[in-house]
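>>> Attaching a predicted model along with its sequence, questions to come.
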Amino acid sequence: MIDSRLLVIDDDAAVGRFIASVAKRCGYQVESVSQADDFRRRLDEWHPSHIALDLQMPESDGIELLRFLAHRQCRARIMVMSGVDQKIIESARHLGISSGLDIAAT
């Protein structure tokens, strides 16, 4: 895998570390953040090819981050994840796709 970069945003550090660990074993370079401001900054500085996005975080709304990514015309492949109901995840996935984002199957 050449220059595959995964940016993880999840408020649960253990989940972020787990995703990072698995992704590194698959050949990804990985950055993990827990705050929306850090996510936005790393997006601009690091230019990930893939994003793992938690929808449900106490200080940030994953849907707003999807809208931000769409506004920025982000070309990264986005994996939407969350402990919320599957219908909400599916709705977020459809919102991302209709906004022009490359959303991976949930």
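Looks like it arrived, so ask away. Please read these numbers as outputs of a predicted model, since none were measured by experiment. Residues are numbered from 1 along each chain as shown.
>>> Can you classify Glu45 by secondary structure?
Following DSSP: H, G, I helix; E, B strand; the rest coil, the label given to Glu45 is helix.
>>> Helix, strand, or coil at Arg93?
helix.
>>> surely it meets Val80?
Yes - using CB atoms under 8 Å as the test, Arg93 is close enough to Val80 to be in contact (5.5 Å). Just so you know, the C-beta spots here come from the backbone N, C-alpha and C atoms, and that holds for glycine as well.
>>> Which residue of those two possesses the greater neighbour count?
Set Arg93 next to Val80 and count neighbours by other CB atoms under 10 Å: Val80 wins out with 25 against 20.
>>> What does the pLDDT read for that one?
pLDDT, Val80: 92.
>>> just Ser4 next, same as before
Reported pLDDT for Ser4: 95.
>>> From what I see, it and Ser49 are in contact.
Yes - judged on CB under 8 Å, Ser4 makes contact with Ser49 at a distance of 5.2 Å.
>>> Run through the residues that contact Pro58.
Asp11 (CB atoms under 8 Å, 6 or more residues apart in numbering).
>>> Compute the distance between it and Ala13, please.
From Pro58 over to Ala13 the distance is 13 Å, taken as CB to CB, to the nearest Å.
>>> Now the element after the helix or strand of the chain with the lowest mean pLDDT, going C-ward?
Between all helices and strands in the chain, the lowest mean by mean pLDDT, DSSP states H and E belongs to strand 60-61, at a mean of 81. Counting by DSSP states H and E, the next helix or strand C-terminal to strand 60-61 is helix 62-71.
>>> model confidence over that next one, on average?
The model assigns helix 62-71 a mean pLDDT of 94.
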